[in-house]
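> Sequence first, predicted coordinates after that:
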Amino acid sequence: LQAASKFGGTLYQLFDQEPQYRKFPLFSSRGSDCFVRQVDIQNGRIVGQYRLSLLHGLDFHAKDSSLRIATCTDPHLAKAICVCDGNVCNDVESLNNHKFVLHPGACNCCWLL
């Protein structure tokens, strides 16, 4: 069954763009990915598919400031999962010099969209 729209896989897009963010470069973390399907209950069609990856495969480069992935401090209580992108919430000045920012999901979720 085909989904009308697909989201996720951000971890692998990041690895393709910047391979140094792979925490375990000799291992594939694709086997632990989780796929969530959104179904229209009125007609039974799959309208969305979400690929979730575990954050444990991501190297945040905490010791190398040029590669460090910042963590957003804003509470994202309406989001169940983490998102990693280049967007800064509420113009937090300290995050502006980072290429990537992790926006944690509620309850310290370990899944990344």
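Structure received.
> Strand partners (parallel or antiparallel) of the helix or strand harbouring Gln49?
Here Gln49, judged by DSSP states H and E, is contained in strand 46-54. In the sheet, strand 46-54 lines up against strand 5-8 (parallel), strand 34-39 (antiparallel), strand 111-112 (antiparallel) (DSSP bridges).
> Could you list the buried residues of it?
Of the residues in strand 46-54, 49-53 count as buried by neighbour count, 16 or more other CB atoms under 10 Å. Quick note: C-beta positions are derived from backbone N, CA and C, even for glycine.
> got the CA coordinates for it in PDB?
Provided in PDB are the C-alpha atoms of strand 46-54 (Å, rounded to 0.1, in the frame of the first residue of the first chain):
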ATOM      1  CA  ILE A  46      -2.800   5.200   4.100                       C
ATOM      2  CA  VAL A  47      -2.400   9.000   3.900                       C
ATOM      3  CA  GLY A  48       1.000   9.300   5.600                       C
ATOM      4  CA  GLN A  49       4.000   7.300   6.500                       C
ATOM      5  CA  TYR A  50       6.600   8.300   9.100                       C
ATOM      6  CA  ARG A  51      10.100   6.800   9.400                       C
ATOM      7  CA  LEU A  52      11.500   7.000  12.900                       C
ATOM      8  CA  SER A  53      15.200   6.400  13.800                       C
ATOM      9  CA  LEU A  54      16.800   6.000  17.100                       C
END
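> after it, next one along is what?
strand 70-71.
> any weak-confidence spans in the protein?
Along the chain, the model assigns pLDDT under 70 to residues 1, 3, 91-96.
> same thing but at 80, please
Scanning the chain for pLDDT under 80 picks out the ranges 1-4, 62-63, 65, 90-97.
> What about Pro19, how many residues nearby?
9 (other CB atoms under 10 Å).
> Look up how far Trp111 lies from it.
22 Å (CB to CB, to the nearest Å).
> How about Ile46?
Applying CB to CB to Ile46 and Trp111 gives a distance of 20 Å.
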